[in-house]
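In: fold the following.
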Amino acid sequence: MSVIDAQVHCYERNHPGRPWAAVLAGPPEVTAEDMVKAMDDVGVDGAILVSVYTMYRWDASYAVAVQKKYPGRFGVVKPVNANDPNVEATIDEWAAMPGTVAIRIMMTPEISADAADPGINRILARAAKHDLPVNMLGREARLKQIDQLAKRNPNTQIVLDHLGLEQPFEPPAPAEPWKELPHVLALAANKNIAIKITGSCTLSHEKFPYKDTWEPVGRIIDTFGLDRCLWGTDWTRAVNLLTYKDGVDSFRQPGRFSDSDRAKLMGETTSKIYGWSPKK
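Out: Residues are numbered from 1 along each chain as shown. Have a look, this model is predicted:
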């Protein structure tokens, strides 16, 4: 089986040629070589590389450079701006680039909370024309909006980022990390919504293998089905809470999944949703 991490980040040190918009928790840099080594050390064959919004906003040039250097190891996701009147042209251009697997909408306060917002709906419709999934980062009140957007755009494959839950950048985990879980599970009624099981270990109040996360994660998998669940680490956002090895090995624990279920969760579904497979 191919093991595919559904979300990782790479970035270079802050410099005038590609300045950071803000600082993200993590090492001073995570180069292509750093990420490939981390993957090789634990037997991860490929990863979905998401351009870091916190640092680079809409500029995906560093992620593109990483993918070009290691085309068999990374597919790339670019954030797009729902407030940009030319966003459809951006999606057209992005769809034509080698290595593209998806686009992403960050549901930040600047983005409308209205499910009828024309900018968001233009993105979803245009992505569907190119058969591109749309990753959506939204939590709490945004979950209802995503539900309505999925219904308005039934031909668009939506991928809900990071379980649809607030996740920490440093310990401790929130006191009630799963309190919004019923609202997340309700989204499964939309067959065009898949969910990333990314960063789940950061919600644990226990040490490796984070057994207190197994029951709620199991509920998500049971509700959405393995054909709509994509495992990943959200590396390097999680770096202050656990090691990359622990994030991978916690899903390899004996008895947690059958071999066939693990193969789907840790690679096959990600490959199917994004239309991409690693080649070493």
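
In: mind checking the SS state of residue 102?
Out: Three-state assignment for residue 102 (DSSP: H, G, I helix; E, B strand; the rest coil): strand.

In: contacting residues for it?
Out: 48, 75, 77, 132-135, 159, 274 (C-beta atoms under 8 Å, 6 or more residues apart in numbering). From N, CA and C alone the C-beta is placed, and that goes for glycine too.

In: need those in JSON lines with neighbour count and secondary structure, can you?
Out: Output for the contacts of residue 102, formatted as JSON lines (neighbours: other C-beta atoms under 10 Å; DSSP: H, G, I helix; E, B strand; the rest coil):
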{"residue": "48", "neighbour count": "26", "secondary structure": "strand"}
{"residue": "75", "neighbour count": "24", "secondary structure": "strand"}
{"residue": "77", "neighbour count": "27", "secondary structure": "strand"}
{"residue": "132", "neighbour count": "23", "secondary structure": "coil"}
{"residue": "133", "neighbour count": "22", "secondary structure": "coil"}
{"residue": "134", "neighbour count": "24", "secondary structure": "strand"}
{"residue": "135", "neighbour count": "27", "secondary structure": "strand"}
{"residue": "159", "neighbour count": "25", "secondary structure": "strand"}
{"residue": "274", "neighbour count": "23", "secondary structure": "helix"}
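
In: just curious, which of those residues is nearest to residue 220?
Out: Within the contacts of residue 102, the smallest distance to residue 220 is 13.5 Å, found for residue 159 (C-beta to C-beta).

In: measure that closest one to residue 226 for me?
Out: 15 Å (C-beta to C-beta, to the nearest Å).

In: tell me where the stretch 51-200 of the chain has strands.
Out: 74-79, 100-106, 134-137, 158-160, 193-198 (DSSP state E, counting those that start in this stretch).

In: residue 57: which of those strands is closest?
Out: Nearest to residue 57, of the strands of the stretch 51-200 of the chain and by C-beta to C-beta, is strand 74-79 at 7.3 Å.

In: same question for the closest one, mean pLDDT?
Out: Summarised as a single mean, pLDDT over strand 74-79 is 97.
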